[in-house]
Structure formats: C-alpha cells, structure tokens
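J.: Sequence and predicted structure, then a few things I'm wondering about:
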Amino acid sequence: MAEADKTRGYKGLRMKLSIPGRGTYDIQHVVFDLNGTLAVDGELVDGVLRRLVELKVTAHLVVVTADAYGEAARLGDRLGLEIVVVQPGDEAEQKAEHVRRLGVERCIAVGNGANDVLMLRESAIGVCVMGPEGASVATCLPRMSWLRTSHRPWICFSRHRGW
C-alpha cells in the first residue's frame, strides 16, 4: 500500500507517494473527471464531498469536464475547486493537455470514460473509477504496449454505494 506524507508545494500542498516496486511520486495535483467519476447524472455520489474536502488539504484539486449537466460551476463554487470546462470536440486531448500544463510527473488523474484515457496515460498515476455508470473498457484496460513500456502505475478500483 502506498504511503503519503505532506510537504510544501503548489499553494503549500504536496503529497509524496511511495508505491512499492514503482518508486516515489511527488504529487501536487489531482485531476478529476466529473460525470461518472465524482457524480452521476450531475449529482455528487454519496461520500465524494467528504473525501474531496479531506483531499483538498493535501493536493490541488482540479475537475476537468465537458459539463454535460451544466453543474460544474456550481460544484466548483460549492467545493472551492478549480473547474476546467473542455469544449466540444476532442475532449480527451483537451483533458490530457491540462494535465501536461500542470506537469505530468506531479499529477494523479482520475476518470472513467473514453475521453479520460489520455489524461490517465499522461499523468504520473492514472486511476480508473468503476462506479454506478461503469467505465469505458479503454479506461480500465490500457493498451498492452503502453503497459509494458510505462513506469507509471495504472490503478483501477470499483466503488459501490459511496466510497
């Protein structure tokens, strides 16, 4: 299991994760997809709010979303999170570009859809969430050639009835 400790970083926030067999990661940013990852049908999944509040003291949290339900701005205000709304067309590349702007080696990306695959691959650690909506096969199973050549961990977990 990974161990984390807080050090100074982005706005005073940083996580140092040590993953056995993978090394140590100096994480400053956690980039989330919104719908299917944190919310279903535009509403936060039970338990997500509490966990985001807890995580906010450790890392800079960003939600990168197509905002299908038009709730991203309200959610950002409610939680005090940075919200980035991607434009229609090539959403996957826009999400990945945001991770690159933050610095791929300092990011954890969390998502569940096909338009999240690139940001999960680009980030230091990619996390696929399988919640009530399920998850894209492409998101759960990275291409084998990428898996063999990457030093970055790929984590998939299932969430049932909250976290």
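T.: Structure received. Only a predicted model underlies this, so the values are computations on that prediction, with no experimental measurement involved.

J.: Tell me the helices and strands packed up against the helix or strand containing V129.
T.: Element membership of V129 [criterion: DSSP states H and E] is strand 125-130. Contacts defined by 3 or more C-beta pairs under 8 Å, 6 or more residues apart in numbering; DSSP states H and E place strand 125-130 against strand 107-111, helix 117-122, helix 137-140, strand 154-158. Placement of C-beta: from N, CA and C, glycine included.

J.: Can you list the buried residues in stretch 31-49?
T.: By 16 or more other C-beta atoms under 10 Å, the buried positions in stretch 31-49 come out as 31-39, 44-45, 48.

J.: does S18 have beta-bridge partners, and which?
T.: Per DSSP bridges, the residues bridged to S18 are E3, T24.

J.: What is the neighbour count of it?
T.: 13 (other C-beta atoms under 10 Å).

J.: Just the pLDDT for it.
T.: Predicted confidence (pLDDT) for S18: 81.

J.: can you check F157 too?
T.: Looking at F157, its pLDDT is 43.

J.: One more: V137?
T.: Among the per-residue scores, V137 holds a pLDDT of 65.

J.: same check, this time on L141
T.: 60.

J.: Repeat that for the one 5 residues further on.
T.: Looking at W146, its pLDDT is 41.

J.: if we take the buried residues of stretch 31-49, which one ends up nearest to L102?
T.: Closest to L102 out of the buried residues of stretch 31-49 is V31 (7.0 Å), distances taken as C-beta to C-beta.

J.: Contact partners for the closest one?
T.: Applying C-beta atoms under 8 Å, 6 or more residues apart in numbering, one finds that V31 lies in contact with 62-64, 95, 98-99, 102, 107-110, 119, 123.

J.: Checking my notes, it in a strand, right?
T.: Yes. The assignment for V31 by DSSP: H, G, I helix; E, B strand; the rest coil puts it in a strand.

J.: partners of it in the sheet?
T.: Bridge pairing for V31 - DSSP bridges - gives V62, A109.

J.: rewinding a little: in strands, which of the buried residues of stretch 31-49 fall?
T.: Among the buried residues of stretch 31-49, the members found in strands (DSSP state E) are 31-32, 39, 44.

J.: how near is N112 to V30?
T.: Between N112 and V30 the computed distance is 15 Å (C-beta to C-beta, to the nearest Å).
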